[in-house]
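> How does the following fold in three dimensions:
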Amino acid sequence: MRLPAYAIILAGGYGTRFWPASRRTRPKQFLALAGGQESLLERTYRRVARLFPPRRIFVVACAEHRALLRRQLRRMPARHLLLEPLGRNTAAAIALAAEHLRAELPARQPDALLAVFPADHAIRNEARFRRVVRAALAAAAGEDAMVVLGLPPSQPHTGYGYIERGPRQKRVQRQAVFAVRCFQEKPDRKTAVGYLRAGRFYWNSGMFFWRLSTFDRLLRQNLPKTKAAMEKLAGAISGRGYAGRLRRVYRRLENISVDYAIAEPAAARGQGRLLVADIGWSDLGSWAAVYDWQARPGENITGQSHFLLDASGNWLAAPGKFIATIGVHDLILVETPDALLLCPRARAEEVGRIVKHLQKTKGERWL
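Now for the predicted structure:
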């Protein structure tokens, strides 16, 4: 029997490294950071909808962003927008979507394929992305294992997790499928340089593929309390008491990522598979990464009228204002009505420290 394939888009999180543009009420995934007018979430949904019909796409996000989600995702069925009462990380989000998906499967269809996509990434080569996703789904359908996309590293990045490639297992739809030897956490600079030289390490994309039955087994093995709680929730999905039960269930769930909870143990047991995805990817993880995505080396990026004299490599955003700079290079400037960020591009990864400071000092009005 050919298994139906479903997509799960993970749209939670707050994007603290994009302060002051990213706030609790409008975090990173709702911003147009990849250029043009579409938000990252809208781009992801459009990209995924070329592979899966809307009736087979679920989006998991925070309840407080309901209005934004409905505005940006007008095409998707309302019942497929799954709103979490509080954040419990990606393992819980995928488990919630899996239960809703199961509730829609006909009795004669005991299994399905799951594909998981983060909502806040950018991809240049979408045709190649579609080819590798189809191959990953076929690989997941063919065995009781987890499949993950690995991204060829272009630099010794210390902000990403890595996947070590094992022996080649087979070919599926002209794509090589490798065993996953192990997942490695974010390395220091020296270790990352070694990974790049070794040639068998890939960035972890956060894009995973399983059969529903495989995900269930791995969830039960590694997060039995979460699995039991979700099974209890399943009986209330179509009932009037669902919202209340969901809140009670979420308070008791472990707060852990799918990488730690499921992917790493699966790889350790020889149940992980890797497809290499050279798709022109960026996680757009900081203002510097957004600059690199949109600009040519040395180019200044501004969204409004400006005068730039002896200036290069700057990202300058002050909506509604004329920008004038003289003799400045490689800076990030982002202004909102109530806050201003100014930092060197090379230190853009540290912007999250501002958010931590505001949280400690009760600067809630700027969050």
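> Identify the residues contacting L218.
146, 210, 262, 265-266, 271 (Cβ atoms under 8 Å, 6 or more residues apart in numbering). For glycine as for every other residue, the C-beta is placed from the backbone atoms N, C-alpha and C.
> for it, phi and psi?
In terms of degrees, to the nearest 10, the main-chain angles of L218 are phi -70, psi -40.
> Tell me the one of the contacts of L218 nearest R347?
I262 (34.0 Å; Cβ to Cβ).
> measure the nearest residue to that closest one once chain neighbours are set aside to A91 for me?
Closest residue to I262 apart from its sequence neighbours, by Cβ to Cβ, 6 or more residues apart in numbering: L218 at 4.8 Å. Per Cβ to Cβ, to the nearest Å, L218 is found 10 Å from A91.
> rewinding a little: could you tell me which of the contacts of L218 belong to strands?
For the contacts of L218, membership in strands holds for 146, 210, with DSSP state E as the criterion.
> for the closest residue to R79 other than its chain neighbours, what are its contacts?
Of all residues not flanking R79 in the chain, H100 sits nearest, at 7.9 Å (Cβ to Cβ, 6+ apart). H100 sits next to 58, 79-80, 82, 237 when contact means Cβ under 8 Å, 6+ apart.
> Let's see if you can find the most crowded of these.
The most crowded member of these, judged by other Cβ atoms under 10 Å, is F58 (26 neighbours).
> Show me what that one is bridged to.
Beta-bridge pairing for F58 (DSSP bridges): I8.
> What pLDDT is listed against it?
With respect to pLDDT, F58 has a value of 98.
> How much space separates it from A107?
20 Å.
> repeat for N300
N300 is 60 Å from A107, by Cβ to Cβ.
> Show me which of these two is the more surrounded one.
Higher neighbour count among N300 and A107: N300, with 19 against 5, using other Cβ under 10 Å.
> Do I have it right that that one meets L308?
Yes - assessed by Cβ atoms under 8 Å, N300 is found in contact with L308 at 5.5 Å.
> Residues in contact with both of the two, list them for me.
Any residue near both N300 and L308 by Cβ under 8 Å, 6+ apart counts here, and that gives N314.
> can you pull out the helices in this structure?
40-49, 66-72, 89-104, 126-142, 189-198, 212-222, 224-234, 242-252, 258, 264-268, 287-294, 352-360 (DSSP state H).
> nearest to A179, of those helices?
Closest among these, using Cβ to Cβ: helix 264-268, at 8.5 Å.
> The closest one packs against which elements?
Counting contacts by 3 or more Cβ pairs under 8 Å, 6 or more residues apart in numbering; DSSP states H and E, helix 264-268 packs against strand 175-184, helix 212-222.
> And the nearest residue to Y14 once chain neighbours are set aside, how close does it get to V351?
The shortest distance from Y14 to any non-neighbouring residue, by Cβ to Cβ, 6+ apart, is to P27 (4.5 Å). Per Cβ to Cβ, P27 is found 14 Å from V351.
> what does G303 give?
19 Å.
> Of these two, which one has the most company?
Taking other Cβ under 10 Å, G303 and V351 do not tie; V351 has more neighbours (21 against 11).
> Which residue comes closest to the more buried one once chain neighbours are left out?
Using Cβ to Cβ, 6+ apart, the closest residue to V351 is R17 (4.8 Å).
> contacting residues around the one you found?
285-287, 348-349, 351-352.
> would a markdown table of the residues you listed with pLDDT and distance to L331 be doable?
Converted to a markdown table, these look like this (pLDDT from 0 to 100; distance: Cβ to Cβ, whole Å):
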| residue | pLDDT | distance to L331 |
| --- | --- | --- |
| G285 | 92 | 19 |
| S286 | 94 | 14 |
| W287 | 96 | 10 |
| A348 | 95 | 10 |
| E349 | 91 | 15 |
| V351 | 96 | 13 |
| G352 | 93 | 18 |
